[in-house]
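Q: Got a predicted model here, sequence first, then my questions.
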Amino acid sequence: MQRLVVAFGSLTAVALLLAGGSVWYLKRQIDNIPTVALGSALTPGAAAPAAADGKQPDVKNYLLVGSDSRVGADPSDPDYGSIGPDLGSDRSDTIMILRLDSTSGEASLLSLPRDLWVTISGTKSKNRINTAFGKGPAVLVRTIQENLGIPINHYLQIDFAGFKKLVDAVGGVSVWFDHQSRDTNTGLLIKTTGCVKLNGISARQYVRSRHFEVRDSRGNWQEDPSADLGRISRQQDFLKRMATKVASTNLSNPFTFNNLLSAAASTLTVDDQLDLIGLAGRLKSVKLGDVASYTVPVNVATRNGQSVVTLDANLAWPILALFQGKSTLLGSTPTSPANPSLTSPATSVVKGSSKTTAPSAGPIAPPTTTKPIGIAPSSSQQCPS
């Protein structure tokens, strides 16, 4: 499920409630959040090397996973049938890595397609990265670290029921649509254009859409050919709109306050080493509109008769270097997508790649504000919160 959309929205909600001086109430709610023990699967310490003076940077990578499971979902919801399997056969619908640098106040978000072809940790076989989650969170964490070289410090998992509650708790989230849109698999149907306010159910249908269609001028429905990559673009856009809406919510209303906190708390499962209030405090310094969003570059391929995507290592290394802690984010204003300082790489970063290498140092430019992959709103198409 989106990524991760809910996790960022949930944590933003917790950060705002923390700022409101409700620590005691937050603590009581957070104590009820389920935890999972991941032990040595997680990387201890910072997700970046120490500075020249020996000072350890306050940089962490958080794995955000949306579980495509019906557990907790309402059977009466119109999209219930399109949600994933029951308990016992979980799969990940969304996989994202949130990188927070508390020193600089910068945040970056990396989306991993669930059909990414990788070697599953603990095995010698390859499969979709989505398969790793079905073997447990620890296997997914290790699979990411072993294949992409990205340290994972903490783990957060989000469920569908919590996503719906959180969207409804803030009164819905407005999204821009250039055309009438639909997805007959999730039940999404948008009959108007421009800014459309999505409630919990329609938002869930939207961010889960892999067969997103728009109606052209002749009245014909055209499907977004980018499939999962287009879905990721829509999720990233929705995440920012969701976080902005949460940040603008009036918490002086006790009914809204309680609903938002309850939704945020019921959404998450986290690793047992995570200080959730501490994480929320870090998010308070992040400018929601300045979060740099990336999608790992891939190529469409067929493996064992399956349609999958494989890592485009030659394009991916600058992005991977940022999340590996071998590079830094260059400023807050987007510049060129390729920084000249990264054209002479030094060390390998991608498992199984002998040709692709990564920089030993140097900044990476934030992504440019170009048209997103697939059919998704551009950053200029804003709606009133």
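A: Arrived safely, thanks for sending.

Q: For the longest helix along the chain, output the C-alpha coordinates as CSV.
A: With secondary structure taken from DSSP state H, the chain has its longest helix at helix 228-247. Only the C-alpha atoms of helix 228-247 are listed here, as CSV (Å, rounded to 0.1, in the frame of the first residue of the first chain):
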residue,chain,number,x,y,z
ASP,A,228,3.7,0.1,-11.4
LEU,A,229,6.1,3.0,-12.2
GLY,A,230,3.2,5.3,-12.9
ARG,A,231,1.6,4.1,-9.7
ILE,A,232,4.8,5.1,-7.8
SER,A,233,4.6,8.6,-9.3
ARG,A,234,1.0,9.0,-8.2
GLN,A,235,1.9,7.7,-4.7
GLN,A,236,4.8,10.1,-4.3
ASP,A,237,2.5,13.0,-5.3
PHE,A,238,-0.2,11.9,-3.0
LEU,A,239,2.2,11.5,-0.1
LYS,A,240,3.2,15.1,-0.3
ARG,A,241,-0.4,16.3,-0.6
MET,A,242,-1.3,14.1,2.3
ALA,A,243,1.5,15.3,4.5
THR,A,244,0.6,18.9,3.7
LYS,A,245,-3.0,18.3,4.6
VAL,A,246,-2.1,16.8,7.9
ALA,A,247,0.2,19.7,8.7
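
Q: quick one: average pLDDT of it?
A: Mean pLDDT, computed over helix 228-247, is 82.

Q: Buried residues, that helix. List them.
A: The neighbour-count check on helix 228-247 (16 or more other Cβ atoms under 10 Å) flags 228-247 as buried. No exception for glycine: its C-beta is placed from N, CA and C like everyone else's.

Q: what about the strands in the stretch 101-250 of the chain?
A: For the stretch 101-250 of the chain, applying DSSP state E, counting those that start in this stretch gives strands covering 106-112, 117-119, 126-128, 154-158, 173-177, 181-183, 188-190, 194-198, 213-215, 221-223.

Q: from those, which stretch is densest packed?
A: Sort the strands of the stretch 101-250 of the chain by mean neighbour count, taking mean count of other Cβ atoms under 10 Å, and strand 154-158 sits at the top with a mean of 25.

Q: ok, it: who's next to it in the sheet?
A: When pairs are called by DSSP bridges, strand 154-158 turns out to pair with strand 59-67 (parallel), strand 268-271 (antiparallel).

Q: so which of the strands of the stretch 101-250 of the chain gets nearest Tyr62?
A: With Cβ to Cβ, the closest approach to Tyr62 among those belongs to strand 154-158: 4.9 Å.

Q: Quick check: Arg142 touching Gly122?
A: Yes - Arg142 is within contact range of Gly122, at 7.1 Å (criterion: Cβ atoms under 8 Å).

Q: So those two - more neighbours on which side?
A: Counted by other Cβ atoms under 10 Å, Arg142 and Gly122 do not tie: Arg142 has more neighbours, with 21 against 14.

Q: roughly how far apart are the more buried one and Gly325?
A: 18 Å (Cβ to Cβ, to the nearest Å).

Q: With mean neighbour count, mean pLDDT and distance to Tyr206 added, can I get the strands paired with strand 154-158 in TSV?
A: Listed next are the strands paired with strand 154-158 as TSV, based on neighbours: other Cβ atoms under 10 Å; pLDDT from 0 to 100; distance: least, Cβ to Cβ, whole Å:
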stretch	mean neighbour count	mean pLDDT	distance to Tyr206
strand 59-67	25	89	14
strand 268-271	21	89	21
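
Q: Would you convert those strands into a markdown table that also reports distance to Pro113?
A: Shown next, in a markdown table, are those (distance: least, Cβ to Cβ, whole Å):
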| stretch | distance to Pro113 |
| --- | --- |
| strand 59-67 | 13 |
| strand 268-271 | 23 |
